[in-house]
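Participant: Need the 3D shape of this:
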Amino acid sequence: MFPSQWHYLQSSKSAYGHSRSLRQSGSALVIGIFVITVMFLMATALLKVLEDADEQVNIEVWGTRAFAAANSGADRALAELLPLDNTPALCANVSSSWDIGNENPTLVGFHRCSIELICDDSNIIGSTTLYRISSTATCQTGNCTVNDGNCLRVSRQVEVEARG
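Facilitator: Here you go, the predicted structure:
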């Protein structure tokens, strides 16, 4: 060994005779474990955010289905209330409910949806009767008969008015 290298090795040893690089390898291990732990916590938080976003998309999709079903229910009630054959308009002609998902299996978007219809003809101005139709659609998925956390139920309501 050259004398200049000997001086370098002697100066890098601690008071216990160990080199500094051996002492620092232990602290690098602790820092490594800390970084891995922080990365794990960040990954867990990211998974939770993605799970919440997925649930919100499901609620929005089922809400859109329920809204479309409520609109369809209002359209059906109007067709029953005011038929094209000039039959007198009567709220008694309007169905009170419509199981749109089971009655029409070809309507793929409305499975597990049901509609409640209310027709109100109590508002009369002069000789004109004002009709108010309320259509409430409820769409659900999962097992909603028991409270096991797998049920998603969404309801939307549409009201329309007509004169006859």
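Participant: separation between the residue nearest to Thr128 when sequence neighbours are not counted and Ser135?
Facilitator: Sequence neighbours aside, Arg163 is the residue nearest to Thr128 in space, at 5.4 Å (criterion: C-beta to C-beta, 6 or more residues apart in numbering). Placement of C-beta: from N, CA and C, glycine included. Shown here: Arg163 relative to Ser135, a distance of 18 Å by C-beta to C-beta, to the nearest Å.
Participant: where along the protein do the strands fall?
Facilitator: In the chain, strands defined by DSSP state E lie at 97-98, 113-125, 128-141, 152-163, listed in chain order.
Participant: Those: which one's closest to Ala45?
Facilitator: Across the strands of the chain, Ala45 has its closest neighbour in strand 152-163 (24.2 Å, C-beta to C-beta).
Participant: Give me the helices and strands touching that closest one, please.
Facilitator: Judged by 3 or more C-beta pairs under 8 Å, 6 or more residues apart in numbering; DSSP states H and E, strand 152-163 is in contact with helix 20-81, strand 128-141.
Participant: Out of those, point me to the one whose mean pLDDT is lowest.
Facilitator: Lowest mean pLDDT within these: helix 20-81, a mean of 86.
Participant: Quick one: distance of it to the chain centre.
Facilitator: 11 Å (C-alpha atoms, centre = their mean, to the nearest Å).
Participant: so it versus strand 128-141, what angle?
Facilitator: If you take axes from the mean of the first three to the mean of the last three C-alpha atoms, to 10 degrees, helix 20-81 sits at 140 degrees to strand 128-141.
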